[in-house]
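K.L.:
What follows is a predicted structure for the sequence shown.
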Amino acid sequence: MIGFAAGIATGCLIGVSGTFLLILLSSSLPRGQKYWQSEVSLREIALAALTVLAVAGLAHGLHVHKAGALLILLLTVLLLSRGRSIVTGLASAAVAAIAAALLFLPPVGSFRITHPQDRLALAIFLLISVVAAGLVSSRGAQKSV
């Protein structure tokens, strides 16, 4: 019964994360402009993704515990999102969640997460990283002022 409740909570958190991501992304797009050409550099997104993967690989090589690795990846997402576009922050959050699932949550090396608490931890990590990326990005900072 506990596994079922954790699965329901995880599904709800993933749904909320995805909905918030879409709302955040759609509200940050300028009207009447070609967004990808004027605002976001694909090179910047690729460098952010490679940075997240390098940090994840380093933490994996140092045998960091999964809780510590999630915090390190969250800090990386925050640093990469600060002062940049929201798309860069969201892309780094997605890459960080994928890296966390693949490298730190058992069974390691697989996207299948067997323990319900690990699913919940990944969903909460994704939610926090998406919200944080939206808040510290350059567009999020301009809207809150």
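P.N.:
Thanks, I have the structure now.
K.L.:
Following the chain past the helix or strand of the chain with the lowest mean pLDDT, name the next helix or strand.
P.N.:
Least confident helix or strand of the chain, by mean pLDDT, DSSP states H and E, is helix 35-38 with a mean of 45. Once the chain leaves helix 35-38, the next helix or strand it forms, by DSSP states H and E, is helix 42-61.
K.L.:
Quick one: low-confidence residue ranges for the protein.
P.N.:
Flagging of the chain using pLDDT under 70 yields the residue ranges 1-40, 138-145.
K.L.:
Break down it into its helices, ranges please.
P.N.:
2-28, 35-38, 42-61, 66-81, 86-103, 116-136, 138-144 (DSSP state H).
K.L.:
buried set for the fifth one?
P.N.:
Buried residues in helix 86-103, defined by neighbour count with 16 or more other CB atoms under 10 Å: 86-101, 103. Glycine gets a C-beta too; all of them are placed from N, C-alpha and C.
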